[in-house]
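In: Have a look; sequence and predicted model below, questions after that.
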Amino acid sequence: MKHKHISLSDCSLRDGNHAVKHQLNVEQIANYCKGADRAGLDIVEVGHGYGLGASSSAFGVAKVDDETMLSVARENCKTSKLGIHFVPGVGKHSDLDMAIEIGVDVFRIASHCTESNITYRPIQYLKAKGKMVYGVLIMSHMADAERLLKEASGMKAAGADGIVLMDSAGYSTPDVVSEKVSVLHENLGITIAYHAHNNLGLAVANSIAAVESGAEIIDATIKGFGAGSGNTQLEAVVAVFERYGYEMNVKFKDLVNLSLYAESNIISSVPDIKAINIMTGMHGLFTGYGTYVQKVSSDFGVDIFDLCERLASRKLVASQEDIILEEASKMAKGVV
Ligand SMILES: C[C@H](O)CC(=O)C(=O)O
């Protein structure tokens, strides 16, 4: 399946926002978007790490509100498409209207991988407005290929132009990625995108496996800037795709300049694979939980590995920080 065209969806200004507790500022967004546009990146996703409408004490208050972030990005993305991430219930319907008004091109409507029916209404609404819409399955390691196909088929029937599989825990391995992406690609007949996290050091390998199995869009972030141990590193995956002979719109030289800009002006600490990232990754826990699990285990004086094991047995999905507290408190009281 060599020599096909791969599109890059750069989520540095959305997933990367997790890495700086949602504190990206207007100047960083404007300059990054200019550079991404110059580099020929296909899609630039912008916003709070948890998506549109998420800025709150529960998810973290963003430095810049959604409307300002998107307006600044819109002004500076002349060729690159502007994208957003939206989880129904985290964001409101009016957030989508605001994004339509600003001129967002690509809408990604997300749910936990077994709860996709909550995405149908916003997908239908956005399709009726003529927008490009992707259904996103978060924590995709928690469902097998057959179940993912069922969920994705529902999103397609609602009107989704494509499906994004997210390995939100950085748990997956290339063989499993290949199986899941192939099943979606062969049965759905719509675009498949893949979004990896690097907890086990497999983000680039998983992205390659996805492309070799039929994915046409790869999510990646500059220097891997994203939640937990970060995402697929954009510069690295583009270099590998070039070597393999895939066609892309992105210009590697301008991408390197963007990387240098981000290194000096955005990324205070380059994501690496810390022990906590490996622990959450091997237990299949949402990668964004890492720092919180560390804090809670130290606050309650409980063993971090045992806490991860208990959380895994509760099959936590993303945004369930309350259960982390509950389990740590039970452990501290000796409740089995
Ligand atoms: C809300 C999450 O940050 C979405 C994401 O990037 C993932 O699940 O991975």
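Out: Perfect, thanks for sending it. Residues are numbered from 1 along each chain as shown.
In: Contacts only, for residue 266.
Out: Residue 266 sits next to 12, 16, 20, 24, 28, 32, 222, 225 when contact means C-beta atoms under 8 Å, 6 or more residues apart in numbering. Any C-beta I mention is one placed from the backbone N, CA and C, and that applies to glycine too.
In: Outline the domain layout of the protein.
Out: Here the domain parsing of the chain from automatic domain parsing is 7-265, 275-332.
In: Reformat these into a markdown table and put mean neighbour count next to each item.
Out: Listed next are those as a markdown table, based on neighbours: other C-beta atoms under 10 Å:
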| stretch | mean neighbour count |
| --- | --- |
| domain 7-265 | 21 |
| domain 275-332 | 18 |
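In: mind putting the ones you listed in CSV, mean pLDDT included?
Out: Output for these, formatted as CSV (pLDDT from 0 to 100):
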stretch, mean pLDDT
domain 7-265, 97
domain 275-332, 95
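In: which one of these lies closest to the ligand?
Out: Nearest of the domains of the chain to the ligand, taken as C-beta to the nearest ligand atom: domain 7-265 at 3.1 Å.
In: What is the end-to-end distance of that closest one?
Out: For domain 7-265, the first and last residues are 26 Å from each other (C-alpha to C-alpha, to the nearest Å).
In: Likewise for stretch 128-143?
Out: End-to-end distance of stretch 128-143 (C-alpha to C-alpha): 30 Å.
In: That stretch vs the ligand: in contact?
Out: Yes - counting by C-beta under 6 Å from any ligand atom, the ligand has neighbours in stretch 128-143: residue 138.
In: starting at the chain centroid, how far to that stretch?
Out: Here stretch 128-143 shows a centroid-to-chain-centroid distance of 11 Å under the convention C-alpha atoms, centre = their mean, to the nearest Å.
In: cool, and stretch 80-96?
Out: 13 Å.
In: and it, C-alpha only, in PDB?
Out: Provided in PDB are the C-alpha atoms of stretch 80-96 (Å, rounded to 0.1, in the frame of the first residue of the first chain):
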ATOM      1  CA  SER A  80      -4.200  24.700   6.500                       C
ATOM      2  CA  LYS A  81      -7.700  23.600   7.500                       C
ATOM      3  CA  LEU A  82      -8.700  24.600  11.100                       C
ATOM      4  CA  GLY A  83     -10.000  21.700  13.300                       C
ATOM      5  CA  ILE A  84     -11.700  21.300  16.700                       C
ATOM      6  CA  HIS A  85     -12.200  18.400  19.100                       C
ATOM      7  CA  PHE A  86     -15.700  18.200  20.700                       C
ATOM      8  CA  VAL A  87     -17.100  15.800  23.300                       C
ATOM      9  CA  PRO A  88     -20.900  16.200  23.700                       C
ATOM     10  CA  GLY A  89     -21.700  17.000  27.300                       C
ATOM     11  CA  VAL A  90     -18.200  18.500  27.900                       C
ATOM     12  CA  GLY A  91     -18.900  21.200  25.300                       C
ATOM     13  CA  LYS A  92     -22.300  22.600  24.500                       C
ATOM     14  CA  HIS A  93     -24.300  22.900  21.200                       C
ATOM     15  CA  SER A  94     -23.700  26.700  21.300                       C
ATOM     16  CA  ASP A  95     -19.900  26.000  21.200                       C
ATOM     17  CA  LEU A  96     -20.400  24.300  17.800                       C
END
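In: residue contacts, the nearest residue to residue 139 once chain neighbours are set aside?
Out: Of all residues not flanking residue 139 in the chain, residue 168 sits nearest, at 4.7 Å (C-beta to C-beta, 6 or more residues apart in numbering). Listed by C-beta under 8 Å, 6+ apart, the contact set of residue 168 reads 138-141, 195, 197, 286-288, 318.
In: Show me where the stretch 1-150 of the chain has its helices.
Out: Assigned helices in the stretch 1-150 of the chain, in chain order: 15-19, 26-38, 66-76, 93-102, 120-128, 145-158 (criterion: DSSP state H, counting those that start in this stretch).
In: hang on, I meant the stretch 201-336 of the chain
Out: For the stretch 201-336 of the chain, the helices defined by DSSP H, counting those that start in this stretch occupy 203-212, 234-244, 252-265, 275-283, 290-300, 304-313, 321-332.
In: How about the residues of this protein by the ligand?
Out: So the chain meets the ligand at 15, 49-51, 138, 166, 168, 195, 197, 227, 288, 318 (C-beta under 6 Å from any ligand atom).
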